[in-house]
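fold the following.
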Amino acid sequence: MSASWLTAWLLTVAWFAVAFLGALIGTGLVLRILRRRAILDHPNERSSHAVPTPRGGGIALVFVLLPAWSVIALGVPGQTFIIWLVLGAALLLAGVSWADDLVGISRSIRFAAHIAAVALVLSALPRDAFFFQGVLPLALDRLAAGILWVWFINLFNFMDGIDGIAGAEAAAVGFGLFLITAVAGGGGVPILFGLTLAATALGFLWWNWHPAQVFLGDVGSVPLGYLLGWLLLEAALKGFWAPALILPLYYLADATITLLRRLVAGERIWQAHSQHFYQRAVRRGLSHATVVRIILLANGVLIVLALLAAGGAETAALLGALATVAALLTALARWRGGGAGDGAPGEGSDR
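Next comes the predicted model:
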């Protein structure tokens, strides 16, 4: 074992520990403040909780993750400016989302903030950076990437409807990106972005596992979706488009299929609902924890397939990922629990 390898390994472990403990302790401290200020998510007919629960615990993740990434960015030559733009935009989104958690703001203002945060970063990228490997001309490449990024921000928020699901998904995708960057030879400090995001998500998950003591709130889910979206697009820029598609494929499939079904049915898609596959599973009696464990198991398979895709077996890995997600959606749509479940789940901040 070389000294340089040992140093890198110890640095990786140290960053994981700092991010995990920071989120774990920070969420506990924020939880006290939320309780004291009575910043609560009150149950309604669509809720997955029976008692008022503090909302906005995700602000602890913002306070841990953004400073950590700022320090890490100092060691990423040539990308520091772009990374700081990303962090500044994430902070802007956290502020808008926190205001929405507290007093509520219009959908148009929230959506405009999402678009502005995405456009700010995409407009600063060099002209030779193509997300779709040069298949599309530059203008269409940027437009398509922007639409996907904005959609990912919103679907990550939409999918935060039961205890533990958002933290588990963020941890799985972040850890998968960390492994891909490490195994594919990225090396160095860039791999710490995915690792620290996974660590902060796990620290929060301690408090958000069923029965949740605190919810992310938009202040957590929106910046997390934004930062995860950027990491996935960065992977695509580096040629790892297939892993970037495979890792979040369950979230993409559940949110997109549900949206299309509601569009076909003529429903108002901007209104809160409980029609996602994971929500239907809870309504049929599966517990929040059981549903999240099933999703985590499938995500473990997706991580392995993403690694295979990074190694060159893109077609086989993509087919395997599609089959895995199809099996997961089928299971969630048909699997019945033995009990009465945990109530009808809600949608995002309307849990």
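
any idea which helix or strand carries the nearest residue to residue 197 once chain neighbours are set aside?
In space, and not counting its chain neighbours, residue 197 is closest to residue 174: 3.9 Å by CB to CB, 6 or more residues apart in numbering. For the C-beta atoms, the positions are set from N, CA and C on the backbone; glycine is no exception. Assigning secondary structure by DSSP states H and E places residue 174 in helix 165-183.

in the stretch 151-300 of the chain, which spans are helices?
165-183, 192-208, 218-237, 241-246, 249-264, 277-283, 288-310 (DSSP state H, counting those that start in this stretch).

which parts of the fifth one are buried?
For helix 249-264, a neighbour-count test (16 or more other CB atoms under 10 Å) marks 249-255, 258-259 as buried.

for the third one, same thing?
By neighbour count on 16+ other CB under 10 Å, the buried set for helix 218-237 is 218-237.

returning to what we had before: so which of the helices of the stretch 151-300 of the chain is nearest residue 82?
Residue 82 lies closest, by CB to CB, to one member of those: helix 218-237, at 9.2 Å.

mind saving the C-alpha coords of that closest one as PDB?
Extracted in PDB, the C-alpha atoms of helix 218-237 (Å, rounded to 0.1, in the frame of the first residue of the first chain):
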ATOM      1  CA  ASP A 218     -38.600  22.300   0.000                       C
ATOM      2  CA  VAL A 219     -35.500  24.000   1.500                       C
ATOM      3  CA  GLY A 220     -33.900  20.600   1.500                       C
ATOM      4  CA  SER A 221     -35.400  18.800  -1.500                       C
ATOM      5  CA  VAL A 222     -35.000  21.500  -4.100                       C
ATOM      6  CA  PRO A 223     -31.300  22.300  -3.500                       C
ATOM      7  CA  LEU A 224     -30.600  18.500  -3.200                       C
ATOM      8  CA  GLY A 225     -32.300  17.900  -6.600                       C
ATOM      9  CA  TYR A 226     -30.400  20.800  -8.100                       C
ATOM     10  CA  LEU A 227     -27.000  19.600  -6.900                       C
ATOM     11  CA  LEU A 228     -27.700  16.000  -7.800                       C
ATOM     12  CA  GLY A 229     -28.800  17.100 -11.300                       C
ATOM     13  CA  TRP A 230     -25.600  19.000 -11.700                       C
ATOM     14  CA  LEU A 231     -23.500  16.000 -10.700                       C
ATOM     15  CA  LEU A 232     -25.400  13.800 -13.200                       C
ATOM     16  CA  LEU A 233     -24.900  16.300 -16.000                       C
ATOM     17  CA  GLU A 234     -21.200  16.600 -15.100                       C
ATOM     18  CA  ALA A 235     -21.000  12.800 -15.500                       C
ATOM     19  CA  ALA A 236     -22.600  13.100 -18.900                       C
ATOM     20  CA  LEU A 237     -20.100  15.800 -19.900                       C
END
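
can you pull the contacts of residue 246?
Shown in contact with residue 246 (CB atoms under 8 Å, 6 or more residues apart in numbering): 302, 305-306, 309, 317-318, 321.

now rank those by neighbours and give me the top one.
Within these, most neighbours by other CB atoms under 10 Å means residue 306, with 30 neighbours.

not including adjacent chain positions, what is the nearest residue to residue 85?
Closest to residue 85 by CB to CB, 6+ apart is residue 121, at 5.2 Å.

again, but for residue 328
residue 298 (4.3 Å).

mind listing what that neighbour touches?
By CB under 8 Å, 6+ apart, the contact list for residue 298 reads 250, 324-325, 327-328.

can you rerun that using 7 Å?
Neighbour list for residue 298: 250, 324, 328 [criterion: CB atoms under 7 Å, 6 or more residues apart in numbering].

if I look at the closest residue to residue 284 other than its chain neighbours, how far off is residue 286?
Residue nearest to residue 284 in three dimensions, not counting chain neighbours: residue 336, with 4.8 Å by CB to CB, 6+ apart. To residue 286, residue 336 is 8 Å away according to CB to CB, to the nearest Å.

quick one, which of those two is more surrounded?
The residue with the greater number of neighbours, taking residue 336 and residue 286 and applying other CB under 10 Å, is residue 286; the counts read 25 against 9.

which helices and strands does the one helix or strand residue 35 maps to pack with?
Using DSSP H and E, residue 35 maps to helix 3-36. Counting contacts by 3 or more CB pairs under 7 Å, 6 or more residues apart in numbering; DSSP states H and E, helix 3-36 packs against strand 53-54, helix 59-73, helix 192-208.

tell me which of these is the most buried.
A comparison of those by mean neighbour count, using mean count of other CB atoms under 10 Å, puts helix 192-208 on top with a mean of 25.

counting neighbours, what do you get for the spatially closest residue to residue 52 that is not a sequence neighbour?
Closest residue to residue 52 in three dimensions, ignoring its sequence neighbours and counting by CB to CB, 6+ apart: residue 40, at 4.0 Å. Using other CB under 10 Å, the number of residues around residue 40 comes to 15.

so for residue 23, which of the helices and strands packed on helix 3-36 sits nearest?
Once CB to CB is applied to the helices and strands packed on helix 3-36, the stretch that comes out nearest is helix 192-208, at 2.8 Å.
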